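Trainee: Would you be able to build a 3D model of this:
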Amino acid sequence: MPRLIAVGDPADPGIEPYRDIRERDLAGRGGRFVIEGEVVLRAALTLGRFKVESVLLAENRVAALAGLLAGLPDDVPVHVAGRAVLDAVAGFPLHRGILAMGLRGTPEPAEGLIARLPRQALVVVLSAIANHDNIGGLFRNAAAFGADAVLMDEACCDPLYRKSIRVSAGAALVTPFARGGTAAELCDGLLARGFEVLATSPRGAERLGDILPGPRMAALFGAEGPGLPQALLDRLRTVRIDMAGGFDSLNVATTSGIVLHHLRR
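Mentor: Next comes the predicted model:
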């Protein structure tokens, strides 16, 4: 077990990064992000790509997490507090009783991530996905179906936002991703590296079931409502999921699960 640091005062400077979680969710916390709950912490420590800076636990959660905490590096402090102190620090009742701070590190540019993908690869490309629940669901599906990377344009929200990570069940900490530029630029970078890019749309020219997946595939998803820009649809291969008459729309995360399942067959 790592050394446990007892915390009896919500103003303890050692846990300052954890103070007022919700307010800092909006204001940002520099190079840190919040890990919340056992499932996400386990993913971060066993499969994650980001360094965990510190851990903050409720006293009654320590024993159950002993095996997981035993694998922590010696330089990662584990703070332990009673429920009242923990809730005062976070600014709301923290029912899970488990928090940690991760470090973002230096973001990898899209071109670098694309360049190091294997010869057989599946990529998820996201355009203007501004809903954190959808980002989390998309990352969860990407991990579940073995996508090698997620590329997001500059209009997408942050996958390391606390809620996004939680909804993704920790997948946002596992699947390589890059964020920035426009969707068109991301698609151009993939096309230049031999990827077949499929743009998803209810009005897609081809049925998903008729698509024969190749060795390098990328699936492009847009925001619910506006969908993908017409200029982008006009220059890419477009695909649709056939649905019952009178209904042509699925949640974007649900759509991604269907598409990725087909492409990974």
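
Trainee: shaky segments in this structure?
Mentor: 1, 26-27, 248 (pLDDT under 70).

Trainee: Got the domain ranges for it?
Mentor: Structural domains annotated on the chain: 4-103, 110-263, as defined by automatic domain parsing.

Trainee: thought residue 256 was touching residue 219?
Mentor: Yes. In terms of C-beta atoms under 8 Å, residue 256 counts as a neighbour of residue 219; the distance is 7.1 Å. C-beta coordinates here come from the backbone N, C-alpha and C atoms, glycine included.

Trainee: which neighbours do these two share?
Mentor: Taking C-beta atoms under 8 Å, 6 or more residues apart in numbering as the contact rule, the neighbours common to residue 256 and residue 219 are residue 124.

Trainee: Could you dump the domains of the chain into a markdown table with mean neighbour count added?
Mentor: Listed next are these as a markdown table, based on neighbours: other C-beta atoms under 10 Å:
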| stretch | mean neighbour count |
| --- | --- |
| domain 4-103 | 16 |
| domain 110-263 | 18 |
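
Trainee: which residues in the stretch 51-200 of the chain form strands?
Mentor: Counting by DSSP state E, counting those that start in this stretch, one finds strands in the stretch 51-200 of the chain at the ranges 51-58, 78-81, 98-103, 121-127, 149-152, 177-179, 196-200.

Trainee: and the ones you listed as TSV, adding distance to residue 143?
Mentor: Shown next, in TSV, are the strands of the stretch 51-200 of the chain (distance: least, C-beta to C-beta, whole Å):
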stretch	distance to residue 143
strand 51-58	19
strand 78-81	27
strand 98-103	17
strand 121-127	10
strand 149-152	9
strand 177-179	11
strand 196-200	19
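
Trainee: which residue is nearest the centroid of the chain?
Mentor: Nearest to the geometric centre of the chain sits residue 172, at 2.6 Å (C-alpha atoms, centre = their mean).

Trainee: which residues does that residue contact?
Mentor: Going by C-beta under 8 Å, 6+ apart, residue 172 touches 135-136, 139, 159-160, 164-165.

Trainee: so residue 57 touches residue 82, yeah?
Mentor: No. Counting by C-beta under 8 Å, residue 57 does not reach residue 82; the two are 10.7 Å apart.

Trainee: related to what we said a few turns ago, so which of the strands of the stretch 51-200 of the chain comes closest to residue 38?
Mentor: Checking those against residue 38 by C-beta to C-beta gives strand 98-103 as the closest, at 5.5 Å.

Trainee: Residue 236 contacts residue 188, correct?
Mentor: No. The pair residue 236 / residue 188 is not scored as a contact, 10.6 Å apart, by C-beta under 8 Å.

Trainee: got the residue ranges for the helices in the stretch 101-250 of the chain?
Mentor: 110-115, 132-144, 162-167, 183-192, 230-235 (DSSP state H, counting those that start in this stretch).

Trainee: which residues sit against the fourth one?
Mentor: With contact meaning C-beta under 8 Å, 6+ apart, helix 183-192 is reached by 110-111, 114, 123, 125-128, 151, 153, 197, 218, 220, 222, 228-229, 231-232, 236.

Trainee: Swap in 7 Å and give it another go.
Mentor: 110-111, 114, 123, 125, 127, 151, 153, 197, 218, 220, 232, 236 (C-beta atoms under 7 Å, 6 or more residues apart in numbering).

Trainee: If anything else comes up later, I'll come back, but that's it for now.
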